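Asks: Take a look and give me a structure for this.
(chains A, B, C and D)
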2 protein chains.
Amino acid sequence: MLSQATMSQPHGAVRRFATVPPCPASLNSLFGGQPVETFEPGTAVFWEGDEARHVFEVVEGVLRVFRILSDGRRVITGFLYPGDLLGVSLKDQYLYTAEAVNRTKLRRYEHGRFQEEINRSPELRPQLFACLCDEMAAAQDQMVLLARKSAEERVASFLLLIARRLGGDERQPVIEIPMTRLDMADYLGLTIETVSRTMTRLTNCGVIAPSSRHALVVRKLGKLALLAGETEADDKDGAGGRAIQQAVWPN
Amino acid sequence: MLSQATMSQPHGAVRRFATVPPCPASLNSLFGGQPVETFEPGTAVFWEGDEARHVFEVVEGVLRVFRILSDGRRVITGFLYPGDLLGVSLKDQYLYTAEAVNRTKLRRYEHGRFQEEINRSPELRPQLFACLCDEMAAAQDQMVLLARKSAEERVASFLLLIARRLGGDERQPVIEIPMTRLDMADYLGLTIETVSRTMTRLTNCGVIAPSSRHALVVRKLGKLALLAGETEADDKDGAGGRAIQQAVWPN
DNA sequence: CCCGGCTGTTACAAACCGTCACATTTTTGC
DNA sequence: GCAAAAATGTGACGGTTTGTAACAGCCGGG
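Replies: Next comes the predicted model:
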């Protein structure tokens, strides 16, 4: 079963199995023969409104996926990491812009052929379906974060997400943050100042320790999970066993 | 092609074709033979964490779909209307609670059989896929709303969504709002007071006019669209042709 | 018919976060 | 390397939204 706590996947951006090796009839194998294209930091893979001709697989690097309101406000709906798919759940045109955060390598697959392959293979279909489910679950988590979480909870949630993705099961994972503070802010629905201040506060509390500007160490993973305000008590770390009061909403 | 501006569809809740009549090989026909079950206002169809045994079709009434944080904060990720599907994009357990807003009638379909039908039919699959795409698009819209829109823009966006869903193409549609202010607040990431104040302001501006407590008339649809802060200029109403400054984000 | 509970509205003070400003660090271009 | 530009950190201040509270309106029950 797929892990549910993946990075928020935007529309059409799908996290695939990280643990399943590519076998002939897996989503992974589809892109195998395609040439690798490189995108420099800040360059767009496609723009919102472009005709959706291709599906992409992230081979290396990180992408940001966003939409922009008419007055310039930007909303990043997700970040894509190696192994993720981009441009799947679309019909005729992309609903968002995809841009390289750092130097990124992609494989491209023609959209119509992708659909055909999926349609043809009873093995690929459940994989794709599971990916879409994960994508929706991540979108839901993000809605919860944006609708009801405080600035501190948002930043903590974000760091926790990256820590779980990159840090494995370590107790004090070292995590890389390739995106800028502005990217984080536009992803979390905050300003760069608030992100900056909040991370400073987390540092002063000893929850995190800055390594370089784009990397840090999570010193108290359990504390971070508590600050993230999660429903589930993923409390493998013994840093604080707060009682979970099951919320029963009066109707 | 499906309309993109549908009500935000939560995980597994899919808006189907409203214009396509049920034909033997359509999603609509699957539920045809199932008995209709009635849910009283406030009763749950299922709870977050329940084993996902069934897929539902909304026949009549409105549902709210939500998640609750450990301290009681509630986030409504979407409302479901007649014709919508519930519980599709899930694997083993429901990720949210579904509750009847008003008296609701549903048809139930066993989850495994639903999957089989989809797998078997090459006609049903693209329909389901298109539904999932709409669902993701709606989730994205909601993320934009929650991340960057002001209280007024959120309320305006919500009213516009309902107006377009129910009011058809009328210039001054009468729209029903079966949900409470608390539901609206938990959907829009606001408090009931803010929702109330904002609607009062919209009334004073002449944009809307209250009909009853759970119904109102949209007097200036174009103005409402402007207040909603949409990217696209859906300016069929001549109520104000503000210049759209295309935002080019400096990288 | 009146009453009690629930929902919705309005006012006011408070909190959180955004805005503005500037110092500091890092990166970029030459 | 050096200077310019960009990104980041930090503080003071203000605005939007929230929280608290009181009141009004609707609805069902006695």
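
Asks: how about the residues of chain A near DNA strand D?
Replies: Residues of chain A found near DNA strand D (C-beta under 7 Å from any atom of the strand) are A:180-182, A:192-193, A:195-197, A:199-200, A:210, A:213-214. (Glycine included, C-beta is placed from N, CA and C.)

Asks: Pick the one among the residues you listed closest to DNA strand C.
Replies: Nearest to DNA strand C, judged by C-beta to the nearest atom of the strand, of the residues of chain A next to DNA strand D is A:Glu193 at 3.9 Å.

Asks: Give me the secondary structure label for that closest one.
Replies: helix (DSSP: H, G, I helix; E, B strand; the rest coil).

Asks: Equivalent analysis for the one 5 residues further on, please.
Replies: When the structure is reduced to helix, strand and coil (three-state DSSP), A:Thr198 reads as helix.

Asks: By neighbour count, which bits of stretch A:100-118 are buried? Give me those.
Replies: Residues of stretch A:100-118 classed as buried by neighbour count (16 or more other C-beta atoms under 10 Å in any protein chain shown): A:Ala100, A:Val101, A:Asn102, A:Thr104, A:Leu106, A:Arg107, A:Arg108, A:Tyr109, A:His111, A:Phe114, A:Glu117, A:Ile118.

Asks: Of those residues, which is the nearest to chain B?
Replies: A:Ile118 (8.6 Å; C-beta to the nearest C-beta).

Asks: part of a strand, is the closest one?
Replies: No - checked against three-state DSSP, A:Ile118 lies outside a strand; its state is helix.

Asks: any idea which helix or strand comes after the worst-scoring helix or strand of chain A on mean pLDDT?
Replies: Every helix and strand in chain A was compared by mean pLDDT, DSSP states H and E; the lowest is strand A:14-15, with a mean of 57. Per DSSP states H and E, the first helix or strand lying C-terminal to strand A:14-15 is helix A:27-30.

Asks: what about that following helix, distance to the chain center?
Replies: Distance of helix A:27-30 from its chain centroid, counting by C-alpha atoms, centre = their mean, to the nearest Å, is 20 Å.

Asks: And for stretch A:42-53?
Replies: Taking C-alpha atoms, centre = their mean, the mean C-alpha location of stretch A:42-53 is offset from the chain mean by 19 Å.

Asks: Can you give the contact residues for that stretch?
Replies: Stretch A:42-53 is contacted by residues A:39, A:54, A:56, A:63, A:67-68, A:86-87, A:90-100, A:104, A:106, A:110-111, B:251 when judged by C-beta atoms under 8 Å, 6 or more residues apart in numbering or on different chains.

Asks: Within range of DNA strand C, give me the residues from chain A.
Replies: So far as C-beta under 7 Å from any atom of the strand goes, chain A lies against DNA strand C at A:Ser150, A:Ala151, A:Glu152, A:Gly189, A:Leu190, A:Thr191, A:Glu193, A:Thr194, A:Arg213.

Asks: Go again with 6 Å.
Replies: Chain A comes close to DNA strand C at residues A:Ser150, A:Ala151, A:Leu190, A:Thr191, A:Glu193, A:Thr194, A:Arg213, as judged by C-beta under 6 Å from any atom of the strand.

Asks: Among these, which one is most surrounded by other residues?
Replies: With neighbours defined as other C-beta atoms under 10 Å in any protein chain shown, the most crowded of the residues of chain A next to DNA strand C is A:Leu190; it has 22 neighbours.

Asks: tell me the contacts of that residue?
Replies: Residues in contact with A:Leu190 (C-beta under 8 Å, 6+ apart) are A:Ala151, A:Arg154, A:Val155, A:Met184, A:Thr198.

Asks: For the last one, which non-adjacent residue is closest in space?
Replies: When you say that, I think you mean A:Thr198. A:Val155 (4.5 Å; C-beta to C-beta, 6 or more residues apart in numbering or on different chains).

Asks: That neighbour and A:Leu188 touch, don't they?
Replies: Yes - in this structure, A:Val155 is within contact of A:Leu188 by C-beta atoms under 8 Å, at 6.6 Å.

Asks: between those two, what contacts are shared?
Replies: A:Val195.

Asks: Can you tell me the SS state at A:Arg165?
Replies: Under the three-state scheme (three-state DSSP), A:Arg165 adopts helix.

Asks: how about A:Ser89, secondary structure?
Replies: Classification of A:Ser89 using three-state DSSP returns coil.

Asks: rewinding a little: more neighbours: which of A:Val155 and A:Leu188?
Replies: Neighbours were counted for A:Val155 and for A:Leu188 using other C-beta under 10 Å; A:Val155 has more, 27 against 23.

Asks: list the contacts for that one?
Replies: Counting by C-beta under 8 Å, 6+ apart, A:Val155 touches A:Met184, A:Leu188, A:Leu190, A:Val195, A:Thr198, A:Met199, A:Leu202.

Asks: Cross-check the contact I'm expecting between the fifth one and A:Glu152.
Replies: To tie it back to what came earlier, the one meant is A:Thr198. Yes - applying C-beta under 8 Å as the test, A:Thr198 and A:Glu152 come out as touching, 5.5 Å apart.

Asks: ok, these two, which is more surrounded?
Replies: A:Thr198 (21 against 18).

Asks: a helix runs through A:Arg154, doesn't it?
Replies: Yes - counting by three-state DSSP, A:Arg154 falls inside a helix.

Asks: A:Asp230 - nearest residue in space that isn't next to it in sequence?
Replies: No, residue A:230 isn't Asp; it's Glu. B:Ser70 is the one closest to A:Glu230 (C-beta to C-beta, 6+ apart), at 7.3 Å.

Asks: Between which two of the contacts of A:Leu190 is the distance greatest?
Replies: A:Ala151 and A:Met184 (11.4 Å; C-beta to C-beta).

Asks: Quick one: the residues of chain A next to DNA strand D as JSON lines, columns for distance to chain B and pLDDT too.
Replies: Shown next, in JSON lines, are the residues of chain A next to DNA strand D (distance: C-beta to the nearest C-beta, whole Å; pLDDT from 0 to 100):
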{"residue": "A:Thr180", "distance to chain B": "10", "pLDDT": "97"}
{"residue": "A:Arg181", "distance to chain B": "15", "pLDDT": "97"}
{"residue": "A:Leu182", "distance to chain B": "10", "pLDDT": "98"}
{"residue": "A:Ile192", "distance to chain B": "14", "pLDDT": "98"}
{"residue": "A:Glu193", "distance to chain B": "16", "pLDDT": "98"}
{"residue": "A:Val195", "distance to chain B": "13", "pLDDT": "98"}
{"residue": "A:Ser196", "distance to chain B": "18", "pLDDT": "98"}
{"residue": "A:Arg197", "distance to chain B": "19", "pLDDT": "97"}
{"residue": "A:Met199", "distance to chain B": "19", "pLDDT": "98"}
{"residue": "A:Thr200", "distance to chain B": "22", "pLDDT": "97"}
{"residue": "A:Pro210", "distance to chain B": "25", "pLDDT": "95"}
{"residue": "A:Arg213", "distance to chain B": "18", "pLDDT": "88"}
{"residue": "A:His214", "distance to chain B": "17", "pLDDT": "94"}
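
Asks: Give me the buried entries from those.
Replies: A:Arg181, A:Val195, A:Met199.

Asks: give me the number of residues near A:Gly49?
Replies: When neighbours are counted by other C-beta under 10 Å, A:Gly49 registers 13.

Asks: Next: the one 4 residues further on.
Replies: Applying other C-beta under 10 Å, we find 14 residues neighbouring A:Arg53.

Asks: pLDDT score for it?
Replies: Note on A:Arg53: pLDDT of 95.
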